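Participant: this one's sequence-less:
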């Protein structure tokens, strides 16, 4: 039998500091202090208990400016190449 892993879903989340009620497509949901308010990519929001959230989610790395990293890398490479050519 083949094994499958659930695809990871990236969500935004904040820890709730006071009691709140959310009207969602799943009905009215209640969040307590210490729970997390989760926002999915489609904008859907729902409260999630701290225990469930911490068992199912891990922090993602911050967004990286790939284009900027590549530009800086090529700039350094260009400088190093000029230094090597100048020494020859």
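Facilitator: On my side now, so go ahead. Just so it is clear, the model here is predicted, and its values are computed rather than measured.

Participant: nearest residue to the one residue sitting closest to the centre of the chain in space, please, no chain neighbours.
Facilitator: Central residue of the chain (CA atoms, centre = their mean): residue 60, 4.1 Å from the mean position. Of all residues not flanking residue 60 in the chain, residue 10 sits nearest, at 5.9 Å (CB to CB, 6 or more residues apart in numbering). C-beta here means a position set from N, CA and C on the backbone, and glycine is covered the same way.

Participant: can you check residue 24 too?
Facilitator: Leaving aside its sequence neighbours, residue 24 sits nearest to residue 46 (CB to CB, 6+ apart; 5.5 Å).

Participant: list the contacts for the one you found?
Facilitator: 22, 24, 26, 29, 37-38 (CB atoms under 8 Å, 6 or more residues apart in numbering).

Participant: pull out the buried members of these.
Facilitator: Buried members of these, counted by 16 or more other CB atoms under 10 Å: 29, 37-38.

Participant: what mean pLDDT does the lengthiest helix in the chain get?
Facilitator: For the chain, the helix with the greatest residue count under DSSP state H is helix 66-87. Helix 66-87 shows a mean pLDDT of 84 in the predicted model.

Participant: quick one, phi psi at residue 30?
Facilitator: Phi and psi for residue 30, reported as degrees, to the nearest 10, are phi -110, psi 130.

Participant: any idea how far it is from residue 17?
Facilitator: Separation of residue 30 from residue 17 (CB to CB, to the nearest Å): 15 Å.
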